Structures are given as structure tokens and as C-alpha cells.
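1. here are the coordinates; sequence isn't available:
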Ligand SMILES: Nc1ncnc2c1ncn2[C@@H]1O[C@H](COP(=O)(O)OP(=O)(O)OP(=O)(O)O)[C@@H](O)[C@H]1O
Ligand SMILES: CCCC(=O)O
């Protein structure tokens, strides 16, 4: 009998849970949370006990005893910037997740893992959280010292997909130069230089291409005018950047599937907005290729929108001159979490300590 691992990936409207026996999947659950249920909680962190009980109930219903687990691993949240890797949940991390300065469902990942692990008397981990920061110093500087650029991106899926691609084509991640574009509800486009993400747009907070739910970079002067117009609260503006920006602001939906249906029905506005989003993505890919000095082994497209043929064709037409385009639709975040826990349990790596 091998190591049994529970992986937890909390999203804004669901909690995804997977149970593995070593590499063998035993259970894969998506626990959905309706807008009415979510509305009961003023802040995301207030959903902790509710989501934990839901996971425990679901495991019980599937006849699983958590006492047979070897480890629990969650998607990590907006803690302090840290290098990529696996981290054991400790007091410092618990505190920083509880009091994270920005709201994000992944703040619950380490805490949910920790609560369940404590009951089972085992350790909890996180891996490659959204705050992984390996940026070069020159990438960190913006045009004003009060507004440094921050590395907040889909580190877990970006790293896992980059390594998967390197394995497939027979190169070593630590020696490869890659541009990876995660195209999901948020979009991050990163320069992976010999195993380090040396530059990336902040996918959460007004930086980079616009995305289904994110505004991306906005003209700063116009944003300042909006902030001081008296028409919006701070919360309203934050929502414009993350949650109600991008496709949601222009078209009232965060679904690329719906956008494509509308384009198919002749909706010209939907076509222009979709093309504008693709145009922003190709510009960001070009920027990251330049950050790598043009020495790029592959441009990798991943995330839910990489399922979309029209988006992939648009990007391929503009970016094929940079390097071969490789497409890995969707994300495998739960599987990546399990893989990360397994290498710790097998003693291949020692988990890092969050300070
Ligand atoms: N088969 C598909 N064809 C076209 N678009 C798709 C398909 N599947 C998902 N999408 C689109 O992908 C987007 C969501 O991507 P994804 O599921 O990666 O995002 P998420 O997990 O909610 O957010 P994030 O990736 O930022 O964490 C949505 O706009 C959705 O409509
Ligand atoms: C990786 C954080 C950005 C997002 O949620 O889209």
C-alpha cells in the first residue's frame, strides 16, 4: 500500500479535491459553491470552516477515512513572495494566509490542508503558490519606486506544464528558455529562463493582457481619474481590475465558450473584444520573448482558453516566428500538487521552510 495524498484547490466558485494512492487517482471531486452560498460570507477567509466541512463530508460519503492519509497539500495563496517549491504549512504561513492583504480563494488552500492534516495527525504542504517570485531585479522596477512590479501568477500550472513540455521534447527545464502563457479566468504570460520565471505580468492586479475576469494594464491617467471621480468606492475599482474586468466588463460574461457562440451568431462587438484580448496576449508573448533575448525553445499555451481553436490560431499566426507553439489545454493543478507531495514523502526533496 502506497502513500495516500489529498490535494485541495479552492477556486472562487468551487473547491476541487483529489485523492491519490501514489500516482493512482482514487477520487476527483469538484464541490460547487453557488453565489447564494458564497454571499453568506463577507470575506473569502470566512468560508474556511464551511469548505473544510464540505470536503470532510464528501470524503466520508465516498467511504474514505482521512486517518489513512500520508499528507495533505493545498494550492497556496497570497503570502509573502517566495521561490518556487514545496513548503510545509507552519505558524508563519498560517498567520499570513489568515491575514492576507488581498482576497483570493487560494488563501484557503494551505489552511484547508492544515486543518484536515491536523485531524489526521500528519503534515500539510503547499506548492508553487501564486506568489512565487523569481523575477530579475530589472523586471521588478516600474517607473516609480512606490509601485514596484509584483510576481503574482499561475505558478503551479505554469511550472508543471513547462516541465511536462520539456520532458516530452527531451530537454531539461533548468536549461530551457520558454514563454508560457496561462490563459484562464486570469492570464499570466511568463519568461522561464533556465528554470526561473524571470519576468511575468501580475495576473491579479492590473498588469498585462486583459482576460475573461481581469482588466489587465489600464491607461494609468484614466484609472486615476476614475478613482477620484467620486463615482466608485475602492472596492468597486478593485472589482474592475479583478473579477469584473476584461470580458466581463465588455461583454457581461467570463465564458470564452459563450463569446465564441455570440461571434458565431454574428455579434461583431464580441469578435472585436475577442481579437483585442488575443492581441494583448501576443504582445505580452513578444515582450517575454524579448526578455529572453529572442532565445526561446517554445511558446507554451495552457489554461482553459487554450481549448479554444480560434484563440490558438490567432496566437500561432502572430507568434510562430518566435519559436514552435505547444498547446496544453486546461490545467492539472491537483495532479501537480500530488506530484509535489509525493517527492517530499519519498524523500526526494526536503520541503522549504516559510519564514
Ligand atoms: N473547451 C473550451 N473551449 C473554449 N473555452 C473554454 C473551454 N473550457 C474552458 N474555456 C474557457 O476558459 C476560461 C476559464 O479557464 P480556466 O478554467 O483555466 O480558468 P479558472 O481556473 O477559472 O481561472 P484561472 O485559470 O485564472 O485560475 C473560461 O473563459 C472558459 O469559458
Ligand atoms: C494567479 C492569480 C491570478 C488569478 O487568479 O487569475
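-> All right, it came through fine. Please read all numbers here as calculations on a predicted model, not as lab measurements. Ligands and ions are numbered 1, 2, ... in the order given.
2. Helices of the chain, residue ranges please.
-> Counting by DSSP state H, the chain has these helices, from start to end: 35-39, 48-61, 91-98, 107-120, 137-140, 155-169, 220-227, 234-241, 247-251, 256-264, 268-291, 309-319, 333-345.
3. what does the shortest one rub up against?
-> Residues lying outside helix 137-140 but in contact with it, judged by C-beta atoms under 8 Å, 6 or more residues apart in numbering, are 148-149, 198-199, 291. Glycine gets a C-beta too; all of them are placed from N, C-alpha and C.
4. Can you name the residues of the stretch 201-350 of the chain that neighbour ligand 2?
-> 203-204 (C-beta under 6 Å from any ligand atom).
5. quick one, what contacts the residue of the stretch 201-350 of the chain found nearest ligand 1?
-> The stretch 201-350 of the chain approaches ligand 1 most closely through residue 304 (2.3 Å), counting by C-beta to the nearest ligand atom. By C-beta under 8 Å, 6+ apart, the contact set of residue 304 is 183-185, 256, 329-331.
6. Show me these that map onto strands.
-> Residues of the contacts of residue 304 located in strands (DSSP state E): 183, 329.
7. Most neighbours of all the contacts of residue 304, which one?
-> With neighbours taken as other C-beta atoms under 10 Å, the top of the contacts of residue 304 is residue 183, carrying 28 neighbours.
8. thinking that one is in contact with residue 281, fair?
-> Yes: contact criterion C-beta atoms under 8 Å: residue 183 and residue 281 qualify, at 7.0 Å.
9. any shared contact partners between those two?
-> residue 311.
10. sorry, back to before: can you put the contacts of helix 137-140 in JSON lines and add pLDDT?
-> As requested, the contacts of helix 137-140 are exported to JSON lines (pLDDT from 0 to 100):
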{"residue": "148", "pLDDT": "96"}
{"residue": "149", "pLDDT": "96"}
{"residue": "198", "pLDDT": "98"}
{"residue": "199", "pLDDT": "98"}
{"residue": "291", "pLDDT": "98"}
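11. what does the stretch 201-350 of the chain have sitting close to ligand 1?
-> Close to ligand 1, as judged by C-beta under 6 Å from any ligand atom, the stretch 201-350 of the chain has residues 212, 254-257, 303-305, 307-308, 331.
12. would a markdown table of the residues you listed with pLDDT be doable?
-> Below are those laid out as a markdown table (pLDDT from 0 to 100):
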| residue | pLDDT |
| --- | --- |
| 212 | 94 |
| 254 | 90 |
| 255 | 92 |
| 256 | 94 |
| 257 | 94 |
| 303 | 95 |
| 304 | 93 |
| 305 | 96 |
| 307 | 96 |
| 308 | 97 |
| 331 | 89 |
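13. buried subset of those residues?
-> Buried members of those, scored by 16 or more other C-beta atoms under 10 Å, are 212, 254, 256, 303-305, 308, 331.
14. Setting aside sequence neighbours, what's the nearest residue to residue 175?
-> Nearest-residue entry for residue 175: residue 194, 5.8 Å, with adjacent residues in sequence omitted and distances by C-beta to C-beta, 6 or more residues apart in numbering.
15. For the stretch 1-150 of the chain, list the residues in contact with ligand 1, please.
-> Going by C-beta under 6 Å from any ligand atom, the residues of the stretch 1-150 of the chain near ligand 1 are residue 11.
16. Output the set of residues of the stretch 1-150 of the chain in proximity to ligand 2.
-> Residues of the stretch 1-150 of the chain lying near ligand 2 (C-beta under 6 Å from any ligand atom): residue 130.
17. give me the residue from the stretch 1-150 of the chain nearest ligand 2.
-> For the stretch 1-150 of the chain, C-beta to the nearest ligand atom, closest residue to ligand 2: residue 130, 4.0 Å.
18. so what's that residue up against?
-> Applying C-beta under 8 Å, 6+ apart to residue 130 gives the contacts 75-78, 104, 106, 152-156, 204.
19. got the contact list for residue 293?
-> Counted by C-beta under 8 Å, 6+ apart, residue 293 has zero contacts.
20. If we use 10 Å, what do you get?
-> Residue 293 sits next to 177, 191, 193 when contact means C-beta atoms under 10 Å, 6 or more residues apart in numbering.
21. From residue 253, how far out is residue 32?
-> Using C-beta to C-beta, to the nearest Å, residue 32 is found at 18 Å from residue 253.
22. swap in residue 149?
-> In terms of C-beta to C-beta, residue 149 sits 30 Å off from residue 253.
23. before we move on, the earlier item: which one of the contacts of residue 130 is nearest ligand 1?
-> residue 154 (6.0 Å).
24. That closest one - how many residues pack around it?
-> Residue 154 has 28 nearby residues by other C-beta under 10 Å.
25. ok, for it, nearest residue in space, not its chain neighbours?
-> Among residues not flanking residue 154 along the chain, residue 182 sits closest, at 4.0 Å (C-beta to C-beta, 6+ apart).
26. Hmm, that neighbour is touching residue 153, no?
-> Yes: using C-beta atoms under 10 Å, residue 182 makes contact with residue 153 at a distance of 7.1 Å.
27. Overlap of the contact sets of these two?
-> Residues touching both residue 182 and residue 153 (C-beta under 10 Å, 6+ apart) are 188-190, 200, 203.
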